[in-house]
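In: here you go, sequence then predicted model.
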Amino acid sequence: MSAPAPIAEGQTGFDRVLSFTIPERNARGRVVRLGPVLETILSAHDYPPPIKHVLAEALVLTALLGSLLKDEEGQLTMQAQTESGIVDLLVCDYRAGEVRGYVRHDAERLAALGANPSLTALFGQGYLAITFDLATTDQRYQGIVPLEGDSLSQAVESYFLQSEQIPTLARVAVRSDGQGCVGGGLLVQHLPEGEEGRERLHVQLDHPEWEHVAALAGSIRHDELVDPDLSLEMLAWRLFHEESEVRVQAGKALSRGCRCSVAHFAAVLGRFPESERVDMRNEAGVIVVDCEFCSRLFEITA
């Protein structure tokens, strides 16, 4: 991997994913930076700063995990739920380069926490569920881990270790100021390797290959992840330029995608018995559906 050229005038480092592999280390990774797409999703609701921050982190992780899908029509869903937490629901998903997300929270309890509440303070006793839905094979894979640690990134690392037995390093940074909100993330993994009947490398957390890659990846700084003047290619080069070979591939451009429509909701409501649909209608005979992802109301007539 040679040093990439600087970002050309007019080009941005926003809303795209870069994939890379380090063959000699049996490692793969993703780098992502969200800008306008993140702003659009966050603007659907008047989220207070702590909620905006945790949703931004979740959206960056969703883009990273979703980019692992080889199934073009597959979907990645990340959902956090809690028992009596201030945040009682956080859900984000990715499909074909489209990301979306929503948080439901108790505003009064949040206001009593102060400016920078911890993850534990926000979620209490909660769990994180990560689901991969593969459209081509109609298979679903799901793992659930406790929401522990200081960040959602740590919960994602636990998911891959416990559910997939893949050593994983995840780093996310979010910057919100007068110029808007930017989120960047890095995901690095030790590739599954091994033959049936012998110990697989990816369950050896102290394997020299993984220790080396994790040390390099762990040196990433938060300001580098959110710097729009630092291309994703340059970011990967800074981390791994001493490796003999690093293969990079530009991933999908990312966009905000809400799949809600009158036709979609009409089809969903059509699965309910007529007696239940009657109870859903207002005085005008219309069923009003509120999409929390895009903050729009859809009127479904009989």
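Out: Ah, there it is. Source: prediction; values computed, not measured. Numbering: from 1, shown residues only.
In: measure residue 77 to residue 92 for me?
Out: 7 Å (Cβ to Cβ, to the nearest Å). C-beta: built from backbone N, CA, C; applies to glycine.
In: looking only at neighbour counts, state which of those two leads.
Out: Between residue 77 and residue 92, counted using other Cβ atoms under 10 Å, the more crowded position is residue 92 (27 against 19).
In: so how far is residue 99 from residue 171?
Out: Relative to residue 99, residue 171 is positioned 18 Å away (criterion: Cβ to Cβ).
In: look at these two and report which has more neighbours.
Out: More neighbours surround residue 99 than the other of residue 171 and residue 99, with 26 against 23 (other Cβ under 10 Å).
In: any buried residues in the host helix or strand of the more buried one, and which?
Out: Taking DSSP states H and E as the definition, one finds residue 99 inside strand 98-105. Within strand 98-105, the residues that qualify as buried by neighbour count (16 or more other Cβ atoms under 10 Å) are 98-103, 105.
In: quick one: buried residues of the biggest helix by length in the chain?
Out: Longest helix of the chain, by residue count under DSSP state H: helix 49-66. Residues 50-66 are the ones in helix 49-66 that count as buried (16+ other Cβ under 10 Å).
In: okay, now residue 109: neighbour count?
Out: 15.
In: give the helix, strand or coil label for it.
Out: Secondary structure, DSSP: H, G, I helix; E, B strand; the rest coil: residue 109 is helix.
In: so which residues of this structure form strands?
Out: Under the criterion DSSP state E, the chain contains strands at 16-22, 27-34, 75-83, 87-95, 98-105, 125-134, 139-146, 168-177, 180-190, 247-253, 255-256, 286-291, 296-301.
In: residues in contact with the fourth one?
Out: If I follow you right, that is strand 87-95. Where contact means Cβ atoms under 8 Å, 6 or more residues apart in numbering, the residues beyond strand 87-95 that reach it are 51, 54-55, 58-59, 61-63, 65-67, 69, 73-82, 99-106, 122-123, 126, 257, 259.
In: run the angle between that strand and strand 98-105 for me.
Out: Put simply, strand 87-95 runs at 180 degrees to strand 98-105, going by axes from the mean of the first three to the mean of the last three Cα atoms, to 10 degrees.
In: cool, and the first one?
Out: Compare the direction of strand 16-22 with that of strand 98-105 by the same axes, to 10 degrees and you get 110 degrees.
In: now strand 16-22: average pLDDT?
Out: The predicted model assigns strand 16-22 a mean pLDDT of 94.
In: for that strand, packing partners?
Out: In terms of contacts (3 or more Cβ pairs under 8 Å, 6 or more residues apart in numbering; DSSP states H and E), strand 16-22 is packed against strand 27-34, helix 232-240, strand 247-253.
In: isn't residue 28 right up against residue 191?
Out: Yes. The pair residue 28 / residue 191 is scored as a contact, 5.6 Å apart, by Cβ atoms under 8 Å.
In: overlap in contacts of these two?
Out: Common contacts of residue 28 and residue 191 (Cβ under 8 Å, 6+ apart): residue 21.
In: can you pull up the bridge partners for residue 78?
Out: Taking DSSP bridges as the rule, residue 78 bridges to residue 92, residue 130.
In: quick one: low-confidence parts of the stretch 1-150 of the chain?
Out: Across the stretch 1-150 of the chain, residues meeting the criterion (pLDDT under 70) sit at 1-12.
In: identify the residues contacting residue 296.
Out: So residue 296 contacts 260, 290 (Cβ under 8 Å, 6+ apart).
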